[in-house]
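Asker: build the 3D model from these lines:
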Amino acid sequence: METASPIVLAFLGSLAAGLLTAVGALPALFGKVPGRAFRDLALGFAAGVMLSASFFSLIIPSLEASELLYGGSALPAVIACLSILTGIGAIALLNERLPHEHFQQGREGPEAASLRRVWLFIIAITIHNFPEGLAVGVSFGAGGFEKGLPLAIGIGLQNMPEGLAVAISLLGEGYSKWKAWTIASLTGLVEPIGGLLGASIVSISQPFLPWGLAFAAGAMLYVISHEIIPETHRNGHQNKATLGLSIGLVIMLFLDASLG
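Answerer: As a prediction, the model looks like this:
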């Protein structure tokens, strides 16, 4: 039986991961809104999954791909470092240029006052989710099903508490349960776009592979440091957030080692 192309696998994998955002937001439909402490633990779990994925599913494979192309010189490390910094810088630039909200921090950007709150949330989560889809796409494009599946599962797992956080934030702003769930669900659908882009780039030319892997890792590291961890520490639940991060990190490590 012929194996599906990496691009098709990347689309389906990133789509499945994105749809788990809707699954995570389901408690909002039934009025089961957890407390702030549990939400911080869940977001910490998301950060742990992303942190583990950045290194074990992206940066290390980037170094290995570079070594196959360029040998055991310092060049693979240089490529990884430059790509990580480029990924961080790209998402930081988007973060500064686009008006949006960091969950409950409030509005920012010169045009924020003229935008409806729902669109501010959508822009914010687009920034948050796109590099995740990119990372899944790059992984499928680089190594097919075996390499892409662990990261897709990990991203899907961390999308669930993210979807819940978005839905709860919208409920807090006065949105109905169904509207909050629908908007939270839609935010996950940007991931297949990133997935297609990532898989297409690395499928066209193998020399792009180490750059793409490390770039996606940098984008995810920025989201972890700038968005998720500060949010989990804002309300005095650092211990629960750290516990969640630890659990997420080791679960993702296990998935990567056992499925990859």
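
Asker: shouldn't Val223 be in contact with Ile91?
Answerer: Yes: assessed by CB atoms under 8 Å, Val223 is found in contact with Ile91 at 6.7 Å. Quick note: C-beta positions are derived from backbone N, CA and C, even for glycine.

Asker: I figured Pro210 hits Ser83, correct?
Answerer: Yes: in this structure, Pro210 is within contact of Ser83 by CB under 8 Å, at 7.2 Å.

Asker: quickly list what's touching both of these two.
Answerer: Residues within reach of Pro210 and of Ser83 at once, by CB atoms under 8 Å, 6 or more residues apart in numbering, are Ser62.

Asker: compare the two and say which is more crowded by neighbours.
Answerer: Pro210 (27 against 23; other CB atoms under 10 Å).

Asker: helix or strand for that one, which one?
Answerer: helix 208-223 (DSSP states H and E).

Asker: contacts for stretch 69-76?
Answerer: Defining contact as CB under 8 Å, 6+ apart, one finds that stretch 69-76 is touched by 62-63, 66-67, 79, 206-207, 210.

Asker: among those, which one sits closest to Glu132?
Answerer: For the contacts of stretch 69-76, the residue nearest Glu132 by CB to CB is Ser62; the value is 16.7 Å.

Asker: gap between the closest one and Ala77?
Answerer: From Ser62 over to Ala77 the distance is 10 Å, taken as CB to CB, to the nearest Å.

Asker: and these two? Which one has more around it.
Answerer: Higher neighbour count among Ser62 and Ala77: Ser62, with 27 against 13, using other CB under 10 Å.
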